[in-house]
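K.L.:
I would like the atomic coordinates for the input below:
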Amino acid sequence: MSIFPRRLRSFAAGIGLVLLTTAPAPAATATSSAPMTTSGAVFDLEQLRGQVVYLDFWASWCGPCRQSFPWMNDLQKNLSRDGLVVVAVNVDHERADADRFLYAYAPAFQVVYDPQGSLAEHWHVKGMPTSVLIGRDGKPVLVHQGFHLADRAELEGAVRSALAAH
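P.N.:
As a prediction, this is how the structure comes out:
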C-alpha cells in the first residue's frame, strides 16, 4: 500500500521549511523493496557522507516537480564541484511512469526508485515534491515541502550555507 493516497495527486504544494535535528537515514538493505538506483544498485545514503545531499522526493504526476527538475539540474551543474549531490527519489509504483517523466525532463543528477516508499516514509514525506537537505555529517539540515519558482533563491541559499559549513 502506498503512503501517498490518490488525493495527493492533486496536491497543491505550499512552501514549508522545517529545521530538523533527527538522525540520518539508515542504510538500505538488499531486498526487493529497497530503493534502487537507475543502474539497479541498492541506494545507500551513507555512501554520500561528507557531501551535502539535496534529497528530492517526486512523482511523475506531480505538477511542481516539472518546475523543480530544471532548477535541480542547474543546482547540480553549478554546485557539484563544491560537494553537492542532488538525488531525486521517485515514489511512483509503475517504473514506466517515472521513465516517461525522466525522458521529458532529462535529469543530470542521480535518480533512485522507491516504489514501496521506504525512504519517503523514513523522512515523513507528506506531499510532492518534498526535499531534504542533508549536511556533510549525514544529518538533515532542513525539509522543504512543495516547489514554486519563487523558492529557488531561498533553497539555493540554504544549500550554499550547508556547503560552507565544514
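K.L.:
Assign a three-state SS to the residue positioned nearest the centre of the chain, would you?
P.N.:
For the chain, the residue sitting closest to the mean C-alpha position, by Cα atoms, centre = their mean, is residue 56 at 1.3 Å. Of the three states, residue 56 takes strand according to DSSP: H, G, I helix; E, B strand; the rest coil.
K.L.:
Specify the beta-bridge partners of it.
P.N.:
residue 88, residue 131 (DSSP bridges).
K.L.:
Distance check, it against residue 166.
P.N.:
24 Å (Cβ to Cβ, to the nearest Å). No exception for glycine: its C-beta is placed from N, CA and C like everyone else's.
K.L.:
Could I get the full set of strands for the chain?
P.N.:
16-19, 36-37, 52-58, 84-90, 110-113, 130-134, 140-145 (DSSP state E).
K.L.:
Pick out the shakiest of the ones you listed, pLDDT-wise.
P.N.:
When the strands of the chain are ranked by mean pLDDT, strand 16-19 comes last with a mean of 34.
K.L.:
top helix in this protein by residue count?
P.N.:
Longest helix in the chain by number of residues, with DSSP state H as the criterion: helix 63-79.
K.L.:
pLDDT below threshold where in the chain?
P.N.:
Along the chain, the parts satisfying pLDDT under 70 run over 1-34, 36-40.
K.L.:
Can you give me the neighbour number for residue 161?
P.N.:
When counting by other Cβ atoms under 10 Å, one arrives at 14 neighbours for residue 161.
K.L.:
Quickly note the distance from it to residue 82.
P.N.:
Counting by Cβ to Cβ - residue 161 and residue 82 are separated by 12 Å.
K.L.:
Brilliant, that's me finished.
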